[in-house]
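K.L.:
for reference, the sequence and a predicted model appear below.
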Amino acid sequence: VSVNLADRDTSALVKDSTITQTNTTENKEDLIGKEDLIGIAAEDSSNNIAVSGAAGAGSKAGVGASIGVNVIQANTTAGVENTGIDAKSAELDTNARQNTKLINITAAGAASKGKMAGAFAASGNAIVGHTAASIDNSAAVQKTVESAGEIHTDAADHSLLVNVVGSAAIAQGQEDTTAS
């Protein structure tokens, strides 16, 4: 039996603050064609691997059983909350990415000289949680979000779940021919 349990939060949050984008040049023409970016990003790219195996052998019967489980509680958030933003020539970008990989390999085998052999293998993966990007000024005191560039919020879950399961059982199946 192989079990992986994980609980994690990945976040990038600017809260109850003020963001002011400033330029170091006096000449506004120097800024033409140049992109500035105010970015808040959170990414979870963790890998979880479970490997389990079992074998059973016997003269009359052989039994092998194996179970592998990955259960991950994962929240990934990026955001701006109750924050004034003054970005005269910049873009504002909040970006959250969930790129977790769960890989589960489970195998079982059984062999017997008798009539009975059984092998059982089971595998399961689950990710529970959320991925979110936001700009939220819902507090009692509203603050201004001002940007001359584009404002983006982007959240994506590109998680990968892989289960590989195999089992085999072999029984020779010879009858007992000795007299009792």
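P.N.:
Nice, I can see it.

K.L.:
partners of the longest strand seen in the chain in the sheet?
P.N.:
Across the chain, the longest stretch assigned as strand under DSSP state E is strand 61-81. Strand pairing for strand 61-81, using DSSP bridges, gives strand 2-15 (parallel), strand 116-128 (parallel), strand 131-136 (parallel).

K.L.:
show me what the helix or strand following the longest one pairs with in its sheet, parallel or antiparallel.
P.N.:
Going down the chain from strand 2-15, the next helix or strand is strand 18-20, by DSSP states H and E. For strand 18-20, the paired strands and their directions (DSSP bridges) read strand 84-87 (parallel).

K.L.:
return the mean pLDDT over the partner strand, rounded to an integer.
P.N.:
Taken as a whole, strand 84-87 has an average pLDDT of 75.

K.L.:
just the element for Gly114, please.
P.N.:
Applying DSSP H and E, one finds Gly114 in no helix or strand.

K.L.:
ignore the last one, Ser52
P.N.:
Secondary structure from DSSP H and E places Ser52 in strand 47-58.

K.L.:
tell me how far that strand lies from the chain's centre.
P.N.:
23 Å (Cα atoms, centre = their mean, to the nearest Å).

K.L.:
quick one: buried residues of it?
P.N.:
Under the neighbour-count criterion of 16 or more other Cβ atoms under 10 Å, strand 47-58 has 48, 50, 52, 54, 56 buried. For every residue, glycine as well, the C-beta is placed using N, CA and C.

K.L.:
for the first one, name its beta-bridge partners.
P.N.:
Assessed by DSSP bridges, Asn48 has beta-bridge partners Leu102.

K.L.:
ok, it touching Asn4?
P.N.:
Yes. Between Asn48 and Asn4 a contact is recorded at 5.1 Å, counting by Cβ atoms under 8 Å.

K.L.:
related to what we said a few turns ago, can you lay out the buried residues of strand 47-58 as a markdown table showing pLDDT and distance to Asn82?
P.N.:
Converted to a markdown table, those look like this (pLDDT from 0 to 100; distance: Cβ to Cβ, whole Å):
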| residue | pLDDT | distance to Asn82 |
| --- | --- | --- |
| Asn48 | 89 | 35 |
| Ala50 | 89 | 41 |
| Ser52 | 93 | 47 |
| Ala54 | 94 | 54 |
| Gly56 | 93 | 61 |
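
K.L.:
for these, which one is nearest Ala108?
P.N.:
Proximity of the buried residues of strand 47-58 to Ala108 (Cβ to Cβ) peaks at Ala54, which lies at 4.7 Å.

K.L.:
if I look at that closest one, how far off is Gly166?
P.N.:
12 Å (Cβ to Cβ, to the nearest Å).
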